[in-house]
Each structure stands twice: as C-alpha cells, then as structure tokens.
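Asks: I'd like to go over a predicted model; first the sequence, then the structure.
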Amino acid sequence: MQTVLTAKNNDKIKAAVRLRDSAKARREEGLFFLEGARLCADAAVNTQLVRLFYTERAKEKYFAEVSLLEEKAEEICIISEEVALKLSDTLSPQGIFCVYKTIDKKHYIDKIYNSAKLVALENIQDPSNLGAIARTAEALGIGGAVLCGCCDIYNPKAQRAAMGSLLRLPVITVDSMPDELKKLESLGYTTLVSTPAERAEDITRCDLGEKTVCVIGNEGNGVTAETAAAGMHLVRVPMKGRAESLNASMAAAIIMWELMR
C-alpha cells in the first residue's frame, strides 16, 4: 500500500510524531519511531516494519536502503520535504522515517539467564548513555542487559546511540534490582555492584566467576543502597587524579571489558 502525504497535520504524521516524543504512546501502542537510512534499514532486518515514510530525494540518495525498506514495509508513505522536517528531530534529516512494532521481550528471558556475562543497569536516565552501553555490550560479547528504572529503550536518542544494538542485544526489564540479584545468585551468578567508594574492590583484581553480572547505577547518584547491599561484591574502577567518578557509559565499558577479559 502506497500513499503520498504533503500535509504536516495528516493523522499518520501526527501519530508518528507522538511515537517519537512520548514513551507513554510507545508503551500503549506497542510501536516506536526511527529515522535515518542506516538505522531504519538495520532495524527492518529483525523488527516488523509497520509504516515507511520517505522523500523522493531520499530515495535517490539512499536507493539501496529505501528499496530494502519498501520490501519490508506494510505501508509506504511518500512525503514532502516540509513533512520530513516535521517528522525529524535531527539537524540534518535524511528524509527516511519508520514506525516499527516493539519487540516481545519474553523470548529473551532464556537467552538472558543462559548467558555467562550480563550487565545490569539501574535508573540510567540519559538515553544516549543507555544506547552507548548497549552498543558496547554487544560489541564486547556481553550476553544481555537487565534494566530497572531506566529510560525507554525505544527513545530515538537511545536508538541512535545504540546504532541498532538495542534491537539485537537481549534486554529485559525488572521491577526490583535487589530481587533480581538474588534470583541471579540462585542461578549461579557472581553478582557485582559498581561504586566509586574506596571500600569497593578493584575490578581489575576481582576474582570473577564463570557466570557474572555487574550493576551500573544512575548517572548522578549511582546504585541504590538496597542494590549495593544485595550484591555479593562491591567493585570500582581504579582512578587517578581528582575525578570522583566516571560517566556511566564509560564506567560500564571498562567494567564490561573486564568481565569479558
């Protein structure tokens, strides 16, 4: 099905903008929004593509990506440059936008609990940090991510920072990180909780088990006291100089490297 849309107040355009801007809309509708040639094409490989929007100029410039998306899309909408500006939240829009169905995470549960190394994220609120951590986790071979209280993984900024990793890396969301750590411990995991506190063990000297999970906390406040108490070990990244802590995504990268090393 193919239509031409030139009005910025079209219902399909307004619905796409709601998905772009609202986590609540994404949760309620089971849909999410992406823009950009490469990101949209990557997502279409493993995710159900409901609606494709593109400009004629975009098809000329990104012919291979648009052709792939046309094959996958349930509905195709050719849009004007003005409509593309309405849909975009970037400074230099490429003119390609997609609406996808969110992924049913139930089939990830077995993959998560059968993975040797996991990262757990508590109250990560910056979408760019979340996306960067997921991208690094996939690159290093981490088996999956357990999220508690974090921002929406389908936030467009998180998706851009992840470059597709949040749609490929097994991810589950839990209601209580302390309870989850107890469950993981019962499954044979060594549970680590990261903190800059001096009393914590140097991650580079920690005796890691065959199955290990490490919790990374909120950008400003770190992990909660309850989570810190629930882990088997507190660990820290050794630092010199006067910096008190690292950016959450940087700390996560170093810790995940150590887990895999």
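Replies: Ah, there it is.
Asks: Please enumerate the helices of the chain.
Replies: 11-21, 23-29, 37-46, 56-61, 63-72, 81-87, 109-113, 127-140, 156-162, 177-186, 225-230, 248-260 (DSSP state H).
Asks: Ok, which of those helices comes nearest Val237?
Replies: Closest to Val237 of the helices of the chain, according to CB to CB: helix 248-260, at 5.1 Å. For glycine as for every other residue, the C-beta is placed from the backbone atoms N, C-alpha and C.
Asks: Now the closest one: buried residues?
Replies: 248-249, 251-256, 258-259 (16 or more other CB atoms under 10 Å).
Asks: what residues does it touch?
Replies: The contact list for helix 248-260 (CB atoms under 8 Å, 6 or more residues apart in numbering) reads 117, 119, 121, 124, 126, 128-129, 132-133, 136-137, 140-142, 192, 194, 203-204, 206, 208, 212, 214, 216-219, 235, 237, 245-246.
Asks: again, but for stretch 63-80
Replies: 1-6, 12-13, 37-38, 40-41, 44, 48-56, 58-59, 87, 95-98.
Asks: measure Ala64 to Thr204 for me?
Replies: According to CB to CB, to the nearest Å, Ala64 stands 44 Å off from Thr204.
Asks: and these two? which has more neighbours close in?
Replies: Per other CB atoms under 10 Å, whichever of Ala64 and Thr204 has more neighbours is Thr204, with 13 against 9.
Asks: I figured that one hits Pro238, correct?
Replies: Yes. With contact defined as CB atoms under 8 Å, Thr204 and Pro238 form a contacting pair (6.5 Å).
Asks: picking up where we left off before, just send the buried residues of helix 248-260 back as CSV, with pLDDT and distance to Val17 too.
Replies: Formatted as CSV, the buried residues of helix 248-260 follow (pLDDT from 0 to 100; distance: CB to CB, whole Å):
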residue, pLDDT, distance to Val17
Ala248, 89, 29
Ser249, 92, 28
Ala251, 90, 34
Ala252, 93, 31
Ala253, 95, 33
Ile254, 93, 38
Ile255, 93, 37
Met256, 95, 35
Glu258, 92, 42
Leu259, 91, 39
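Asks: So how do I select the buried members of the contacts of stretch 63-80 in PyMOL?
Replies: One line in PyMOL is enough to select the buried members of the contacts of stretch 63-80, burial here meaning 16+ other CB under 10 Å:
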select buried, resi 12+13+37+40+41+44+49+50+51+52+53+54+55+58+59+87+95+96+97+98
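Asks: quick one: buried residues of stretch 220-230?
Replies: 222-224, 227-228, 230.
Asks: my read: Ala7 touches Val83, true?
Replies: Yes. Here Ala7 lies in contact with Val83, judged by CB under 8 Å, at a distance of 7.4 Å.
Asks: Now for this protein, the helix or strand with the poorest mean pLDDT.
Replies: strand 2-5 (a mean of 79; mean pLDDT, DSSP states H and E).
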